[in-house]
Structures are given as structure tokens and as C-alpha cells.
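Student: sequence unavailable; structure follows:
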């Protein structure tokens with residue numbers, strides 16, 4: 001984008017931290033970070049106050065918000081913009097439209113943080129020029145965004161890929177840690193799940209620890225299902241766990257090839273290596289996702 005590109009504000013709201021930015025196209029002009037406390041009014045108010053001050057120096061034309069969920073994304077719903085049924089203490093029912101967006105008379109793009117990251121990877125990153133692509137984050141939780149023809153996929157609700165149930169490896173009797181489902185993917189392969197399996201934090205495990213093979217296999221179950229149902233041109237894997245272990249991506253790719261069993265044409269090892277990739281935007285995929293949501297609200 002040129003210097004004449006519109007300035008937009010972006011907010012990435014995560015379970016542990018939030019980041020607000022002012023950006024012109026992909027160029028970040030200013031940014032601020034907060035801890036996501038247990039009082040949503042305080043956190044959202046601090047973000048809105050910072051945006052108000054930042055707008056005095058550089059007025060923005062749209063606001064993009066990418067947030068942890070689950071989120072109510074149907075504009076016709078009476079609780080549009082609310083976080084629903086979250087385990088984050090104090091945040092169930094917190095409304096992002098009321099808490100932030102209503103302070104500003106600009107178009108608003110609201111979606112999950114992972115859908116925003118998927119949108120950003122499609123606009124600027126590893127999924128550029130892909131009509132159908134997925135962004136999966138593996139960290140404290142597991143979540144995924146699906147983009148089709150440049151728009152995040154929604155239906156009755158947004159995708160919750162982390163809570164998909166997967167086939168268990170033979171002999172794996174780990175019960176999982178998800179408080180709702182137990183052994184859904186998030187309950188088996190998120191950072192806290194890996195720590196519960198191994199007895200130490202994921203970042204402390206050596207690359208050859210056998211836990212990683214179980215994690216790779218579980219994630220490959222989702223990869224195979226996504227390939228068979230969506231036929232994506234790219235699946236981007238990010239997040240602290242997803243990017244933190246150099247061998248994990250290769251193990252996921254190999255296990256995905258095994259899952260597919262040669263059924264799909266053009267889905268051998270070489271093709272899967274190009275299909276399942278790391279994020280080009282790195283740890284800032286969520287921040288750029290908020291920017292992308294703001295630009296999408298302007299139809300830019």
C-alpha cells in the first residue's frame with residue numbers, strides 16, 4: 001500500500017495479553033500492550049482510552065478487533081460482539097462492541113483472533129493467493145480460522161477447530177485436560193496438555209521426547225480431516241508450541257501423509273511440505289490480523 005493508504009486501528013485481544021496498534025496498510029505506526037486482567041471493563045476501557053489518544057495524532061478510518069472466543073459474530077444477535085462461555089475468569093458476557101467499538105464512529109471488523117491471523121496470512125503472508133486456506137494456532141489453547149475467497153468462514157457460529165475430537169494413538173491413555181471434552185485436540189495437544197502429559201512445560205522438553213510424536217499424530221488427525229473436507233491450498237501452523245519446536249512441523253507433515261494413506265492425488269510428502277507451513281508473519285500474525293480486519297471493514 002502507498003503512503004496514502006488509510007490508517008486503521010487494530011486490537012488483538014488474547015487470553016493473557018492484548019495489543020492495540022495504529023497502522024497504515026501493513027506498516028505499524030504505534031502500538032501498546034496490556035495484560036488481559038480479570039476485569040473486562042478495566043481492560044477494554046484502557047484499550048479504548050489509548051485509541052482515543054492515538055486518534056488525536058492520527059485519525060483512523062476503521063477498527064479491527066481479533067479476540068479470543070468463543071465470540072458472538074452474528075450482527076443480528078442481541079449479544080453481538082460478546083465473548084460467550086469462556087474459561088477466562090470474568091470475561092463470559094464481556095461485549096467488545098460496547099467496550100471498545102462504540103467509542104468510535106468508524107466501520108468495525110470483528111472476528112476471532114485466529115480468523116484475523118488467517119486473513120492476514122492470506123493478504124500478506126504464507127497463504128497469499130490461496131482461495132482456501134487455514135490458520136491453526138497451537139499454544140495455551142488450540143484454535144483455527146478458515147478463509148474462503150478472502151472471507152473468514154462463519155455459519156451458525158465460527159469454527160472451533162481446537163475442540164474437534166480425534167482418533168487416539170494406540171496405547172495412549174492420557175485423559176486430556178479440556179474441562180468440557182477431555183480429550184479433544186486442545187485437551188491433548190495444547191501447551192498445558194503437553195505439560196500435563198510430560199510433567200514439565202512444553203518448552204522444557206527435548207526435541208526427541210516421545211510426547212512430541214503423540215502430539216504430532218493428534219494434530220495430523222486434524223490436518224487430514226481438513227484436507228479431506230476443505231481441500232485447502234495452505235494450512236499455516238503458528239502459536240508458541242507450533243513454532244517453538246523445530247521438529248514438530250516436520251513430524252506433523254509426516255503423520256499427515258500417513259493419515260491420508262496415498263488416497264488423495266498430489267498429496268505425497270513433497271506436496272504436504274508445501275501445504276502445511278509456518279506463518280510468514282511469525283508471532284505478529286494476530287496483530288496483523290486485527291489490521292486486516294480493519295481494512296476488510298473498509299473493503300480495502
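Tutor: Alright, I've got the coordinates. Since this is a predicted model, take the numbers as computed values, not measurements.
Student: and stretch 219-226, how far from the chain's centre?
Tutor: Here stretch 219-226 is found 16 Å from its chain centre; the criterion is C-alpha atoms, centre = their mean, to the nearest Å.
Student: residues in contact with that stretch: which ones?
Tutor: Applying C-beta atoms under 8 Å, 6 or more residues apart in numbering, the contact partners of stretch 219-226 are 134, 136, 138, 161, 164, 166-167, 185, 189, 232, 235, 237, 252, 255-256, 258-260, 276. Bear in mind the C-beta positions are built from the backbone N, C-alpha and C, glycine included.
Student: look up how far residue 115 lies from residue 122.
Tutor: Distance from residue 122 to residue 115, counting by C-beta to C-beta, to the nearest Å: 11 Å.
Student: between the two, which contacts overlap?
Tutor: Common contacts of residue 122 and residue 115, defined by C-beta under 8 Å, 6+ apart, comprise residue 147.
Student: related to what we said a few turns ago, buried subset of the contacts of stretch 219-226?
Tutor: Buried by 16 or more other C-beta atoms under 10 Å: 134, 136, 138, 161, 164, 166, 185, 189, 232, 235, 237, 252, 255-256, 259-260, 276, out of the contacts of stretch 219-226.
Student: out of those, which sit inside helices?
Tutor: In this view, those that belong to helices under DSSP state H are 185, 189, 252, 255-256, 259-260.
Student: farthest-apart pair in those, please.
Tutor: 189 and 260 (19.1 Å; C-beta to C-beta).
Student: ends of stretch 187-203, what's the gap?
Tutor: Length of stretch 187-203, first residue to last, C-alpha to C-alpha, to the nearest Å: 18 Å.
Student: which of residue 122 and residue 115 has more neighbours?
Tutor: Applying other C-beta atoms under 10 Å to residue 122 and residue 115 shows that residue 115 carries more neighbours, namely 30 against 27.
Student: contacting residues for the more buried one?
Tutor: With contact taken as C-beta under 8 Å, 6+ apart, residue 115 is in contact with 66, 135, 145-147, 152-153, 158, 289.
Student: with residue 97 instead?
Tutor: Residues near residue 97 by C-beta under 8 Å, 6+ apart: 80-81, 108, 110.
Student: same question for residue 126.
Tutor: By C-beta under 8 Å, 6+ apart, the contact list for residue 126 reads 234, 236, 277-281.
Student: I figured residue 297 was touching residue 104, is that so?
Tutor: No. Look at residue 297 against residue 104 with C-beta atoms under 8 Å: they stay out of range, at 11.6 Å.
Student: which neighbours do the two have in common?
Tutor: Overlap of the contact sets of residue 297 and residue 104 (by C-beta under 8 Å, 6+ apart) consists of residue 63.
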